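> Quick check, what structure comes out for this input:
(2 chains)
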There are 2 protein chains.
Amino acid sequence: MEPPAPQRRVTIVDVARHAQVSTTAVSKVLRNAYGASPEMRAKVRRAIDELGYRPLAAARGLRGQTYTIGVMLPDIRNPFFPEILDGITGHLADTDYQVFLGPGGCNDEQAEARVTDAMIDRGMDGIILIAPVSSRARLEHIASAVPAVVVGRHGHSAVYDTVTDDDMAGASLVVGHLAGLGHRRIAHIEHRETDATRRAEMPNAQRADGYRRAMQAIGLAEEIDVVSTSYTQQGGYEGARQLLARPRRPTAVFAGADIVAMGVLEAVAEAGLSVPGDISVAGYDNTTFASFGPISLTSVDQAGHDIGGNAARLLLERIADRQKTSVQVKLSPMLVPRRTTAAPQA
Amino acid sequence: MEPPAPQRRVTIVDVARHAQVSTTAVSKVLRNAYGASPEMRAKVRRAIDELGYRPLAAARGLRGQTYTIGVMLPDIRNPFFPEILDGITGHLADTDYQVFLGPGGCNDEQAEARVTDAMIDRGMDGIILIAPVSSRARLEHIASAVPAVVVGRHGHSAVYDTVTDDDMAGASLVVGHLAGLGHRRIAHIEHRETDATRRAEMPNAQRADGYRRAMQAIGLAEEIDVVSTSYTQQGGYEGARQLLARPRRPTAVFAGADIVAMGVLEAVAEAGLSVPGDISVAGYDNTTFASFGPISLTSVDQAGHDIGGNAARLLLERIADRQKTSVQVKLSPMLVPRRTTAAPQA
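Numbering: from 1, shown residues only, chains lettered A, B, ... in the order given. This next block holds a predicted model:
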């Protein structure tokens, strides 16, 4: 059949006719609902492309949806976040949802409030918050206004879903690896947590606790040495400078994130020491930086892609049913040993 | 005076009364227009905060503005883009505009069309396109629908503004630096340009042309050696593998972008060669990666922060006056020599 005359807006009915399927079928494909076969999807997609149908304009009038999902990113420089983002966009690739990233301030509650308010004001259908620092009350306030999934934050809420990795287990993997190589003076650089009530929920705090517990469990309680800075390159640099100035220098440093390890490597090189000869360094996140050959950083893979995919899936479920029971997904991390860790010098 | 009763939406009139200024003054502050003094700004800001005024909701009804600016980012992994983004958000920090990033596909015209359509459909007030690969016609189509500024793309258009660095000059700085150290066999890794008509506008093509011209100008025309891959880490890795396999290996590699240089460093290390002992490597963009101590990559600083700031400024001007004359801003790059370049071995 012929495409409709160009002066009239293309509707879902036109798409259904053109694809020779029912309007229900078109709607299913648009909503990415169950029960649309791959063939059906292909047919409808083709009709949409051929007619230049724009589901958004139509949907606005019908259901008030904007087919927009907001992702709040705390720090666009942290090389771990693109992995999560790929998982999100990958999961949404076959839907009509468009992802927009809101750059949050780095660990700044006010900046987070501004971005999330902006997303709600603009009628976004759902929000994924990556590693937010806002209070629990604030997160629940957001989730009461719009379907929300929180990534990288532990704790249960009745109104939003969470996706995290098991940070406690990840920290324990690093300590076990370093101790297995023969290290005893294993130090940790953590992200300073200022809010006591939030502490139990933050991945950084869980990694620090995991480090402490693992050190205790293997009889190294007396060697516990934690420096509090921030999960930034600068934080790693400053933390390492403190550790290198200790009278008894640690033989291994577990940095709470790869970006922190970058700063550690910088400080170690500046001090004229070698890695892993003089000091072993491990990170967390297994970013492309860690796998970059000339660096080759031992790190913990927390499967950012799976985290993002799960977050997107849960968000679509919550958009479809705002009253659904909340879900907490916790993924198991994996240690990836590389060249920055080795046995300590005798 | 007392804040208005909470059940009624706060309006610009309430803000004006609370701040004891005129509504015109409030409007000026909101639009970031000329003629609002710092004191006036502070007063109005305070009133807005105290009353919890949300300009967006009000503006929607009044002028159809959404106070939203879309930034299309081609590749969230490229460490140069956060610099531009900082410049954009920095310039907009005192306004009510909210920036949302649309992740474009990496160098994929269809993905760019999808993101920009989505931004237009959602009523964004303006769009900044970073290093788009879309055709000129497509860019002008976008600019006819919404005020637009294009970053990292040469060429003049009557309907949009552009901000670039002088890529030709930047390439020439690198060649001059390497030749000055005594190199003659200086190779270049470029981003393959498939579209002949677009070629003249692309920064990657300008860098490659700048390299060729500079080599000719200093009498090294016969040593010109360009490998075409892509501006990705993988592209750099593959390009370097080709160059290292040459019967007469180059003594220096000018990678078209820092992310390309990352791949080069990886391939060089894998081949058991040292930098700069066996081969010098230079990048372009002066990212945090380049300044990272253990890497210390010679690179070209194209002032990403200024590029972003200029783009935001031009966009606000164009939003205020859609008929304004188009402007092309070209910024001068600077060479930042570091430890990856040195004189060739005798």
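
> ok, which residues in the stretch 101-250 of chain A are in contact with chain B?
A:Leu101, A:Gly102, A:Pro103, A:Arg114, A:Val115, A:Asp117, A:Ala118, A:Asp121, A:Arg122, A:Gln233 (CB under 8 Å from any CB of the partner chain). Backbone N, C-alpha and C define where each C-beta goes, glycine included.

> any idea how far B:Ile319 is from the fifth one?
Remark: distance between A:Val115 and B:Ile319 (CB to CB, to the nearest Å) = 21 Å.

> Which residue ranges of the stretch 101-250 of chain A form helices?
A:109-121, A:136-145, A:167-180, A:203-217, A:233-244 (DSSP state H, counting those that start in this stretch).

> Determine which two of the residues of the stretch 101-250 of chain A next to chain B are furthest apart.
Maximum pairwise distance among those (CB to CB): 33.6 Å, between A:Asp121 and A:Gln233.

> So for those two, which sits in the more crowded spot?
A:Gln233 (22 against 18; other CB atoms under 10 Å in any protein chain shown).

> quick one: A:Pro337 and A:Thr298 touch, right?
Yes. Counting by CB atoms under 8 Å, A:Pro337 does reach A:Thr298; the two are 5.1 Å apart.

> Now do the shared contacts for these two.
A:His177 (CB atoms under 8 Å, 6 or more residues apart in numbering or on different chains).

> Neighbour count for these two, which is higher?
With neighbours defined as other CB under 10 Å, A:Pro337 and A:Thr298 compare such that A:Thr298 has more, 27 against 16.

> so what's the more buried one bridging to?
A:Ala282 (DSSP bridges).

> do you know how far it is from A:His156?
Taking CB to CB, one finds A:Thr298 at 32 Å from A:His156.

> Show the end-to-end separation of stretch A:161-170, please.
Distance across stretch A:161-170, first residue to last, is 21 Å (CA to CA, to the nearest Å).

> brain fart, stretch A:213-231
Terminal-residue distance, stretch A:213-231 (CA to CA): 21 Å.

> now what about that stretch, what contacts it?
Contacts of stretch A:213-231 (CB under 8 Å, 6+ apart): A:78, A:107, A:168, A:171-172, A:175-176, A:179, A:184-192, A:204, A:208, A:211-212, A:235-236, A:238-239, A:242-243, A:246, A:250, A:256-257, A:259-260.

> Can you mark which positions in it are buried?
A:Arg213, A:Ala214, A:Met215, A:Ile218, A:Leu220, A:Glu223, A:Asp225, A:Val227, A:Ser228, A:Thr229, A:Ser230, A:Tyr231 (16 or more other CB atoms under 10 Å in any protein chain shown).

> again with stretch A:46-54
Within stretch A:46-54, judged by 16+ other CB under 10 Å, the buried ones are A:Ala47, A:Ile48, A:Leu51, A:Tyr53, A:Arg54.

> mind checking which helix or strand A:Arg318 is in?
Here A:Arg318, judged by DSSP states H and E, is contained in helix A:304-320.

> Can you name the element that comes right after that helix?
Assigned by DSSP H and E, the successor of helix A:304-320 is strand A:328-331.

> Which neighbours in the sheet does that following strand have, and how are they oriented?
Applying DSSP bridges, one finds strand A:328-331 paired with strand A:161-165 (parallel).

> Can you pull the poorly scored residue ranges out of chain A?
Residues of chain A meeting the criterion pLDDT under 70: A:1-9, A:31-35, A:54-64, A:104-107.

> how does it divide into domains?
A:12-55, A:66-165+A:303-332, A:167-301 (automatic domain parsing).

> Span of the last one from start to end?
By that I understand domain A:167-301. Termini of domain A:167-301 sit 11 Å apart (CA to CA).

> for that domain, the distance to its chain's centre please.
20 Å (CA atoms, centre = their mean, to the nearest Å).

> and if you look at the first one?
If you compare the mean C-alpha spot of domain A:12-55 with that of the full chain, they lie 32 Å apart, counting by CA atoms, centre = their mean.

> The second one now?
Per CA atoms, centre = their mean, the displacement of domain A:66-165+A:303-332 from the mean C-alpha position of its chain is 9 Å.

> and it, how far apart are its ends?
Using CA to CA, the end-to-end distance of domain A:66-165+A:303-332 comes out at 34 Å.

> Okay, and A:Arg338 sits in which element?
Judged by DSSP H and E, A:Arg338 forms part of no helix or strand.

> Perfect, that will be all.
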